[in-house]
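Engineer: just the structure for this:
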Amino acid sequence: MRLNRLRSSAVAVAAAALLVGASVGIACFAIEEGILASQRSSRLHDVRDALRQARVLLSDRQQDAAGAAAALAASPRVQHAFAARDAAALAAIARTHPAVSFALWNGRALGHPPAGGLGSSVAVYSGGALAGRVVVAAQPDGALLTRARKSDPAVHLAFVVGADVLAVSPPTPGVSAQQLLRGKVHDELDLAGGGAPARIVGYRDRPTIPLEPLWATLLGLAAVAVSFRFFDRRERRRRAEPPPNTVRDAVALVGETLAATHNPGALLPVILRAAVEATHAVGGAVSSGGRTVVERGHLGGEGVPLEVALDVPQGPPAKLTLYPPARGFDADARDAAAWIAAQAVIALENARLHGLVQRQAVTDELTGLANRRRFLAQLELEVTRSRRSGSPLGLVLADLDDFKRVNDTYGHEVGDAALRRFADILRDNVRDVDLPVRLGGEEFAVLLPDTDLPGAAQLAERVRHALEEAAVDVPRGHVNLTASFGVSCFPAAAAANELLADADRRLYEAKRRGKNRVVAPTRPGPPAGRPVDV
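Structural biologist: Numbers count the residues shown, from 1 in each chain. Purely as a prediction, here's the structure:
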């Protein structure tokens, strides 16, 4: 009898020991997973912060490269070399400028083209025809990556093109991208370029924790921790796991569309389609600012619609609204909608940033007008359109008179204010279809589609008079400004390849005749006639 009781007690003790051991083991596993998941999330957040900083720095570098390319393309030495087709002179320039390369008239390239196609290109014209291009590299290097990770040195960054690591911070020589990321918490920033896929990769070591010191403490908490941690971990794991195949396919569709376009107008229909299909909704809509932007399927029904915010940073408030099927939305459908919305916000933010970089590349920072790069590209397009449609194309060049004297007398702040004032006058006097431009320094231009020679001359005279009536404040009073204008028109006054040169000759003539005047051809038809004041 006693032996039976001892046996029963031993079994009970063994069962209790197994239960406590299992509880402690499960608790340790659950707590380890919870701590590691929290640390992985925190480290991934640090990595993404560094990638965002790298994106900002790269945007600044691309803008600087655009300015450097425009300045080099406008230099007399480069202009002369392209006009003379002197490849040796261009090669000499490329040797002294490591970030500069040249696309020649025969398709060859000199210098060191930018890795991954990340650079700014400016066309160079000779005799009104395209002679080649100046390319300034703007790819990330070790210095840029080091600046991007300055706020968190534990994050490592690498610039990768294809399978090649071209720059890494801190330096890790002789390793591949696969070796860098092995066993790491990582994310990457895709870069828009030509050639092999280019990207910036950020990574940190995976977190680890020692479990031995926790065992003694967990013995007393095992019973409570087992049940709580088990169910809580299951729920968080269910929410963190990738969604079912239908949702994966929907998210992949959004990703593929993002890779093909940076146009939010093209992204929104794909996002809506993915959400409707993944949640089995009968219809849906995306709205912004109280206005429906895109819709699909049947809008309405008896059930309560599912609304998910699309909070794009620095963008207008938007939301995704899905209308339920007859059985309503279950938990999986709601998780799928939230998952797709998160991917959509990333896609829309990338599209917004891409548009911002594109605008910065073709906009003059001081005046907000289009820059020389945008002007030359638009001039090509408008000449082609004018040839095809038979409509005239007017061009006005303007140069502020005695601008150096204004700078030397009152300082560069007043000079900058004068440039901005003239830019405002141009904007106030042109149509929406016209393109006012700051070509550089105190030189401006206005491209006038569907405008004949008299119309272009009238516009120039109107701007000249408005500037003459305006004034710029200085410390003790104000200073009046004037400008000289040269006018030309295709095809009435100049051939397509002579339009810019003809307007420039008129501008020079206006300066020679005493400034503060408009000079246009006296009669239509190339070759241009004798200039005359308007």
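
Engineer: now do the helices in this structure.
Structural biologist: 2-74, 76-83, 87-96, 142-148, 177-181, 215-240, 245-260, 264-279, 331-361, 372-389, 403-410, 412-429, 453-469, 499-512 (DSSP state H).

Engineer: what count of nearby residues applies to the nearest residue to Pro269 once chain neighbours are set aside?
Structural biologist: Nearest residue to Pro269, sequence neighbours excluded (Cβ to Cβ, 6 or more residues apart in numbering): Val294, at 5.2 Å. Any C-beta I mention is one placed from the backbone N, CA and C, and that applies to glycine too. By other Cβ atoms under 10 Å, the residues close to Val294 number 17.

Engineer: equivalent analysis for Asp190, please.
Structural biologist: Neighbourhood size, Asp190 [other Cβ under 10 Å]: 12.

Engineer: can you find the helix or strand of the protein with the lowest average pLDDT?
Structural biologist: Within the chain, no helix or strand scores below strand 531-533, which has a mean of 49 by mean pLDDT, DSSP states H and E.

Engineer: what's the spacing between the closest residue in space to Asp86 that isn't next to it in sequence and Ser126?
Structural biologist: Spatial nearest neighbour of Asp86, chain neighbours left out: His80 (7.6 Å); criterion: Cβ to Cβ, 6+ apart. Between His80 and Ser126 the distance is 9 Å, computed by Cβ to Cβ, to the nearest Å.

Engineer: check Ala163 too.
Structural biologist: Using Cβ to Cβ, we find Ala163 at a distance of 40 Å from Ser126.

Engineer: so which of the two has more stuff around it?
Structural biologist: Ser126 (17 against 10).

Engineer: is it true that Ser391 touches Pro449?
Structural biologist: Yes: applying Cβ atoms under 8 Å, one finds Ser391 in contact with Pro449, separated by 7.3 Å.

Engineer: which neighbours do those two share?
Structural biologist: The contact sets of Ser391 and Pro449 overlap at Arg385 (Cβ atoms under 8 Å, 6 or more residues apart in numbering).

Engineer: out of those two, which sits in the more crowded spot?
Structural biologist: Taking other Cβ under 10 Å, Ser391 and Pro449 do not tie; Pro449 has more neighbours (18 against 15).

Engineer: residue contacts, that one?
Structural biologist: So Pro449 contacts Glu382, Arg385, Ser386, Ser391, Leu393, Val433, Asp434 (Cβ under 8 Å, 6+ apart).

Engineer: how about a cut-off of 6 Å?
Structural biologist: Pro449 is in contact with Glu382, Val433, counting by Cβ atoms under 6 Å, 6 or more residues apart in numbering.

Engineer: before we move on, the earlier item: now the residue nearest to Pro269: how far from Pro324?
Structural biologist: Shown here: Val294 relative to Pro324, a distance of 19 Å by Cβ to Cβ.

Engineer: same thing with Gly514?
Structural biologist: From Gly514 to Pro324 the distance is 77 Å (Cβ to Cβ).

Engineer: do the same with Leu144
Structural biologist: Distance, Leu144 to Pro324, using Cβ to Cβ: 49 Å.

Engineer: do Asp434 as well
Structural biologist: According to Cβ to Cβ, Asp434 and Pro324 sit 51 Å apart.

Engineer: dump stretch 392-408 to PDB, restricted to CA.
Structural biologist: This file holds the C-alpha atoms of stretch 392-408, laid out as PDB (Å, rounded to 0.1, in the frame of the first residue of the first chain):
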ATOM      1  CA  PRO A 392       4.800  79.300 -85.200                       C
ATOM      2  CA  LEU A 393       7.200  79.100 -82.200                       C
ATOM      3  CA  GLY A 394       8.400  82.300 -80.600                       C
ATOM      4  CA  LEU A 395      11.500  82.800 -78.500                       C
ATOM      5  CA  VAL A 396      12.500  85.800 -76.300                       C
ATOM      6  CA  LEU A 397      15.900  86.100 -74.700                       C
ATOM      7  CA  ALA A 398      16.400  88.700 -71.900                       C
ATOM      8  CA  ASP A 399      19.400  90.000 -70.000                       C
ATOM      9  CA  LEU A 400      19.300  92.400 -67.000                       C
ATOM     10  CA  ASP A 401      21.200  95.600 -67.800                       C
ATOM     11  CA  ASP A 402      24.200  96.500 -65.700                       C
ATOM     12  CA  PHE A 403      23.500  93.600 -63.300                       C
ATOM     13  CA  LYS A 404      27.200  93.400 -62.200                       C
ATOM     14  CA  ARG A 405      27.000  97.000 -61.000                       C
ATOM     15  CA  VAL A 406      23.900  96.200 -58.900                       C
ATOM     16  CA  ASN A 407      25.800  93.300 -57.300                       C
ATOM     17  CA  ASP A 408      28.900  95.300 -56.700                       C
END
